[in-house]
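> mind looking at a prediction? Sequence and model below.
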Amino acid sequence: MQRTRRHDNSFEVSIRSQLFDKGFRYRVHYPVPGMKRITCDIALPGLKIAIFLDGCFWHGCYIHPPSVKKNTTFWMEKIERNRARDKRVREHLAQIGWTVLRFWEHEAVEAIVTKIVSTVEQHRAAKSSLRGSARSLQNMKRAPGQFEAVDSDVVATEVQTVEQPPRVP
Ligand SMILES: [Zn+2]
């Protein structure tokens with residue numbers, strides 16, 4: 001089992017460079033709000049999206065169990081602590097309204113980038129619909145499949161604001 005460096009390994013760098021080439025701007029090793037010494041690998045703080053690119057060894061992927069021959073207990077305990085911490089971090093972020101995307105290093109880079117892009121565009125569309133800006137929604141580039149959900153949200157909001165409570169005679 002390869003123990004990749006925890007930061008800036010080729011897996012992270014290839015995903016970041018593909019996102020950058022597609023015009024996305026993001027923060028790297030961004031501190032998780034409200035948690036000391038914890039960072040997410042990629043963040044879009046404005047959209048509250050946190051992305052974790054987890055190495056199979058350090059984060060204890062089920063498909064690639066660590067094959068350590070020495071200090072087995074030490075490594076197993078360490079990986080188990082990492083997994084428990086990962087879970088706490090994801091739950092914390094969800095509680096404060098962030099969207100968490102987690103990927104394993106064994107996943108295909110293209111698929112990961114596609115998922116990140118569609119999530120970001122979905123959030124951008126939702127954010128601009130919250131602002132009530134129908135025009136910017138029309139001009140916005142959206143991933144196919146996100147369109148209907150966004151528009152139905154807008155319709156639902158409009159219906160709520162237009163509807164008046166029944167008048168008391
Ligand atoms: Zn794996």
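Yes, it's here.

> how about the top helix by length along the chain: buried residues?
Longest helix in the chain by number of residues (criterion: DSSP state H): helix 72-95. Under the neighbour-count criterion of 16 or more other Cβ atoms under 10 Å, helix 72-95 has 75, 79, 82, 86, 89-90, 92-93 buried. C-beta: built from backbone N, CA, C; applies to glycine.

> neighbouring contacts of that helix?
Identification of contacts with helix 72-95 by Cβ atoms under 8 Å, 6 or more residues apart in numbering yields 32, 34-35, 38, 40, 50, 52, 54, 57-60, 66, 68, 100, 102.

> check whether it comes near the ion.
No. Applying Cβ under 5 Å from the ion, one finds helix 72-95 out of contact with the ion, separated by at least 12.2 Å.

> export only the CA atoms of that helix, formatted as PDB.
Output of helix 72-95 as PDB, limited to C-alpha atoms (Å, rounded to 0.1, in the frame of the first residue of the first chain):
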ATOM      1  CA  THR A  72       0.200  -3.400  12.900                       C
ATOM      2  CA  THR A  73      -1.600  -2.200  16.100                       C
ATOM      3  CA  PHE A  74       0.000   1.200  15.900                       C
ATOM      4  CA  TRP A  75      -1.100   1.700  12.300                       C
ATOM      5  CA  MET A  76      -4.500   0.300  12.700                       C
ATOM      6  CA  GLU A  77      -5.200   2.600  15.700                       C
ATOM      7  CA  LYS A  78      -3.900   5.600  13.900                       C
ATOM      8  CA  ILE A  79      -6.100   4.900  10.800                       C
ATOM      9  CA  GLU A  80      -9.000   4.300  13.100                       C
ATOM     10  CA  ARG A  81      -8.400   7.700  14.800                       C
ATOM     11  CA  ASN A  82      -8.200   9.300  11.400                       C
ATOM     12  CA  ARG A  83     -11.500   7.800  10.300                       C
ATOM     13  CA  ALA A  84     -13.200   8.900  13.500                       C
ATOM     14  CA  ARG A  85     -11.900  12.400  13.100                       C
ATOM     15  CA  ASP A  86     -13.000  12.500   9.400                       C
ATOM     16  CA  LYS A  87     -16.500  11.600  10.500                       C
ATOM     17  CA  ARG A  88     -16.500  14.300  13.200                       C
ATOM     18  CA  VAL A  89     -15.300  16.900  10.700                       C
ATOM     19  CA  ARG A  90     -18.000  15.900   8.100                       C
ATOM     20  CA  GLU A  91     -20.700  16.000  10.700                       C
ATOM     21  CA  HIS A  92     -19.600  19.300  12.000                       C
ATOM     22  CA  LEU A  93     -19.500  20.900   8.500                       C
ATOM     23  CA  ALA A  94     -22.900  19.500   7.700                       C
ATOM     24  CA  GLN A  95     -24.300  21.000  11.000                       C
END
